[in-house]
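Engineer: Build me a model from this:
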Amino acid sequence: MKKALRILAAFAVIAGAASCASSEKMVKMAENVSVTCTPAVLEAVAGNIDATVSVTYPADYFDKKAILEVTPVLVYDGGEAKMQPFIYQGEAVKDNYKAVSSAGQTVKEKIHFDYVEGMEKSYLELRGVVKSGSKGLALPAKKVAEGVNTTYMLVKDAGVFATKEDGYQATYTGKEEGQILYTVNSSEVRGSELKSISMQDFETAIDRVLDNKGAKITSTEIVAYASPEGAEDHNNKLSSNRSESASKAWDKILKDYDIAAPEVKSVGEDWEGFQKLVAESNIEDKDLILRVLSMYSDPAVRESEIRNMSEVYTSLKGEVLPELRRARFIANVEYSNYTDEELVELVARNWDVLDEPSLLHAATLVKDPLQKELLLMKCMKKFNSDKAKYNLAGLYLSQQKNSKAEQTLAGLGTEDPDVLNMLGVISLRKRDLEGAEKFFTASGSTEAKANMGVVDILNGNYEKAAEELKDAPGCCHNPALALILCGRLDEASKTIHCASAGCLYLRAIIAARQGKASEVKKYLEKASEKDASLKERAAKDIEFALYDL
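Structural biologist: Numbers count the residues shown, from 1 in each chain. Purely as a prediction, here's the structure:
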């Protein structure tokens, strides 16, 4: 019995020695194991680092009784990230791991890491432990890849949004009017009409315009009419005669004024004026009158209806029709609005005199953000202005006050593409990419399309982003970045047309990928002069790993 135990113990020692020998053999031969990574340089895409690692075990390397644990580890400034190990077994092992043939075999594995700040300066290695029996020996670590490309993170993600036009005009037009009235079927201008209140007011208005240095009369008109009862031919002739007599009256009344001669027009029957006066009147059945007349397109039939209604509705005869037997005297006036300097002065002195467009425009002129905010809030309160509310939200966004911007937008109609886009910008800044995408899609504005390109860069959809950013308003940074990420370097270079720090840095990346060392140095120096933080980034950026910075 003792002899049998000694024999078993001897076998155990021999087996253990054999197991240890096989593990040591795999450690010693580890340098014969080849490793490649696709892509060769790791890249962060949408916050993920994904690659495929291929490991080739040569013939006679993998022991039939061995178990090998391989752990991918990304070592970076500030720490390291480990994946769960991949476990392989030799052909004689009765377990459920992936078997590797002793005759030699290549195994491929997908690796994944969540990006953490600092990983741009890093390296990926495989750490192995070979086990045969109860003992385990560590294999020399295999470096697989160095650095993580984070170029997509250069995207400008603040979002773009339009400002509502204020509607302010440097000049605006107006009319000054007076009229003379005629008796039925007459084209004679009565003396009383030459001195009527209407004509007196017209003369006063002309005087006022001529005295106003910010106003000028651009043209004048006489427009003569006939009331729409009676035969059409008769009314057309009557209107023409009235235009002639009105022209003579103009010469009498305005003979001392240095203004252009009027353009004289004869309209004929004044149906438009008739409908307007009836609609504004207190006639009990005015809606019925207008509805009946709208049923007829034949002037003769409408005239007949007018005559019939004139007998029934005395108001038409006494109040409406006499006002249509007329000739209008018109002066078309162009007024100069406040200059920008005058607006800024008024803001400081008395902004209560300003209308909505003036307040909105003044807000674009003042430099002090607090004063700009006060002007927009004044406009909101005084005119219940949606434009002011929207532009105030934009002011808050430009100040990175995202919550205040969101609160200010509350209550504005979400059918407005600009409002939808701005809500998308707020979601984008919250990194709610799904919500931002919904808003940008619903908006469809030029700005929303450009912002969708930012979302697609952040999601790793680079070709789609390049298309959406093709005609983006504003800076060329994001359009150029999208083209770089697509590998379209010549297009990217042609897209850059400004010399911002960010765009200069992109030029350095393009130069690096094209192997132009002198341009890399030149553009990085220029970029760092404008933004010192880019020098620190460049020192860690795998894009420049081959260059002496």
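
Engineer: going forward, measure contacts and count neighbours with C-alpha atoms only.
Structural biologist: Will do.

Engineer: Report the secondary structure element holding C379.
Structural biologist: Assessed by DSSP states H and E, C379 sits inside helix 369-383.

Engineer: Mind giving me the packing neighbours of that helix?
Structural biologist: Judged by 3 or more Cα pairs under 8 Å, 6 or more residues apart in numbering; DSSP states H and E, the packing partners of helix 369-383 are helix 356-365, helix 386-398.

Engineer: For it, buried residues please.
Structural biologist: Residues 372-373, 375-380 are the ones in helix 369-383 that count as buried (16 or more other Cα atoms under 10 Å).

Engineer: of all these, which two lie farthest apart?
Structural biologist: Greatest spatial distance among the buried residues of helix 369-383 (Cα to Cα): K372 and M380, at 12.5 Å.

Engineer: any idea how far the residue nearest the centre of the chain is from A410?
Structural biologist: Computing the C-alpha centroid of the chain and ranking residues by Cα atoms, centre = their mean puts E447 first, at 2.2 Å. Here E447 is placed at a distance of 20 Å from A410 (Cα to Cα, to the nearest Å).

Engineer: okay, now E280: neighbour count?
Structural biologist: Look at E280: counted by other Cα atoms under 10 Å, it has 10 neighbours.

Engineer: my bad, L194
Structural biologist: Using other Cα under 10 Å, L194 is surrounded by 18 other residues.

Engineer: what helix or strand does the residue nearest to the centre of the chain sit in?
Structural biologist: Short version, using DSSP H and E: E447 is in helix 446-459.

Engineer: got the CA positions of that helix in PDB?
Structural biologist: In PDB, the C-alpha atoms belonging to helix 446-459 read as follows (Å, rounded to 0.1, in the frame of the first residue of the first chain):
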ATOM      1  CA  THR A 446     -31.200  76.400 -42.000                       C
ATOM      2  CA  GLU A 447     -29.900  76.700 -38.500                       C
ATOM      3  CA  ALA A 448     -31.600  73.500 -37.400                       C
ATOM      4  CA  LYS A 449     -30.000  71.600 -40.300                       C
ATOM      5  CA  ALA A 450     -26.500  72.800 -39.200                       C
ATOM      6  CA  ASN A 451     -27.300  71.800 -35.600                       C
ATOM      7  CA  MET A 452     -28.400  68.400 -36.800                       C
ATOM      8  CA  GLY A 453     -24.900  68.000 -38.300                       C
ATOM      9  CA  VAL A 454     -23.500  68.600 -34.800                       C
ATOM     10  CA  VAL A 455     -25.700  65.800 -33.500                       C
ATOM     11  CA  ASP A 456     -24.600  63.500 -36.200                       C
ATOM     12  CA  ILE A 457     -20.900  64.200 -35.500                       C
ATOM     13  CA  LEU A 458     -21.500  63.400 -31.800                       C
ATOM     14  CA  ASN A 459     -23.300  60.200 -32.800                       C
END
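
Engineer: so where's this structure shaky on pLDDT?
Structural biologist: Applying pLDDT under 70 to the chain flags the ranges 1-21, 303, 306-307, 309-313.

Engineer: which residues does M295 contact?
Structural biologist: Contacts for M295 (Cα atoms under 8 Å, 6 or more residues apart in numbering) come out as none.

Engineer: If you could redo that for D416, that was the one I meant.
Structural biologist: If a contact means Cα under 8 Å, 6+ apart, then D416 has S443 as its contacts.

Engineer: What's the separation between it and G167?
Structural biologist: Taking Cα to Cα, one finds D416 at 17 Å from G167.

Engineer: And for E193?
Structural biologist: 40 Å.

Engineer: In terms of packing, which of the two has more residues around it?
Structural biologist: E193 (16 against 11).

Engineer: in a helix, that's where that one is, yeah?
Structural biologist: Yes - remark: E193 belongs to a helix, assigned using DSSP: H, G, I helix; E, B strand; the rest coil.

Engineer: and G515, how many neighbours?
Structural biologist: 13.

Engineer: if I look at it, how far off is L489?
Structural biologist: The value you get for G515 to L489, if Cα to Cα is used, is 12 Å.

Engineer: How far away from the center of its chain is stretch 100-117?
Structural biologist: Between the centre of stretch 100-117 and the centre of its chain there are 43 Å (Cα atoms, centre = their mean, to the nearest Å).

Engineer: before we move on, the earlier item: any chance of the helices and strands packed on helix 369-383 in CSV, with distance to E434 too?
Structural biologist: Compiled in CSV, the helices and strands packed on helix 369-383 are given as follows (distance: least, Cα to Cα, whole Å):
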stretch, distance to E434
helix 356-365, 33
helix 386-398, 20
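
Engineer: out of those, which comes closest to A46?
Structural biologist: Checking the helices and strands packed on helix 369-383 against A46 by Cα to Cα gives helix 386-398 as the closest, at 24.5 Å.

Engineer: so what does that closest one touch, helix or strand wise?
Structural biologist: helix 369-383, helix 402-409.

Engineer: follow-up on the earlier one: other residues contacting whatever helix or strand comes next after the helix holding E447?
Structural biologist: Where DSSP H and E defines the elements, the next helix or strand beyond helix 446-459 is helix 462-468. By Cα under 8 Å, 6+ apart, the list of residues contacting helix 462-468 from outside reads 449-450, 452-457, 479, 482-483, 485-486.

Engineer: What are the buried residues along helix 462-468?
Structural biologist: Buried residues in helix 462-468, counted by 16+ other Cα under 10 Å: 462-463, 465-468.

Engineer: Same question for stretch 246-264.
Structural biologist: 246-247, 249-250, 259, 262, 264.

Engineer: circling back to that earlier point, any chance of the helices and strands packed on helix 386-398 in CSV, plus distance to S239?
Structural biologist: CSV is the format used below for the helices and strands packed on helix 386-398 (distance: least, Cα to Cα, whole Å):
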stretch, distance to S239
helix 369-383, 44
helix 402-409, 55
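
Engineer: Could I get the full set of helices for the stretch 101-250 of the chain?
Structural biologist: Using DSSP state H, counting those that start in this stretch, the helices found in the stretch 101-250 of the chain span residues 191-194, 197-211, 232-253.

Engineer: Buried deepest among those, which one?
Structural biologist: Each of the helices of the stretch 101-250 of the chain was scored by mean neighbour count; the highest is helix 232-253, a mean of 19, by mean count of other Cα atoms under 10 Å.

Engineer: quick check: angle from that helix to helix 197-211?
Structural biologist: Interaxial angle of helix 232-253 relative to helix 197-211 (axes from the mean of the first three to the mean of the last three Cα atoms, to 10 degrees): 50 degrees.
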